[in-house]
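> fold the stuff below for me.
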Amino acid sequence: MRNYELMILLDPNLQEEEISALLRSQQTIANNQGKIIKVNQWGKEH
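Numbering: from 1, shown residues only. As a prediction, this is how the structure comes out:
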């Protein structure tokens, strides 16, 4: 199986609840036999 990378860039003005909702893609990947090897959250930059 091939490896793929996914990068998600978010608006720094989003609230934590909105960010959590957008990061549900991790669960979608896992639910479809995907495997998340590494998550690197860089934090907010204003």
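
> which SS state does residue 28 fall under?
Each residue gets one of three states, and residue 28 gets helix by DSSP: H, G, I helix; E, B strand; the rest coil.

> need the per-residue pLDDT for the spatially most central residue of the chain.
Taking CA atoms, centre = their mean, the centroid of the chain lies closest to residue 23, which sits 4.3 Å from it. Per-residue confidence (pLDDT) for residue 23: 76.

> residue 19 and residue 33: what is the separation?
Distance, residue 19 to residue 33, using CB to CB, to the nearest Å: 25 Å. Heads up, the C-betas are built off the backbone N, CA and C, glycines and all.

> where does pLDDT dip in this structure?
Scanning the chain with the threshold set as pLDDT under 70 gives 45-46.

> ok, now with 50
Per-residue confidence for the chain (pLDDT under 50) gives no ranges below the cut-off.

> hey, where'd the helices end up in it?
Using DSSP state H, the helices of the chain run over residues 16-22, 25-31.

> out of those helices, the one nearest residue 4 is which?
Shortest distance between residue 4 and these, using CB to CB, is found for helix 25-31: 9.5 Å.

> from the chain's centroid, how far away is the closest one?
Mean C-alpha position of helix 25-31 versus that of the full chain (CA atoms, centre = their mean, to the nearest Å) differs by 9 Å.

> coming back round to it: hmm, the residue nearest to the centre of the chain is touching residue 8, no?
Yes - the pair formed by residue 23 and residue 8 meets the contact definition of CB atoms under 8 Å, at 7.3 Å.

> hmm, back to that, neighbour-wise, which of residue 19 and residue 33 wins?
residue 19 (15 against 7; other CB atoms under 10 Å).
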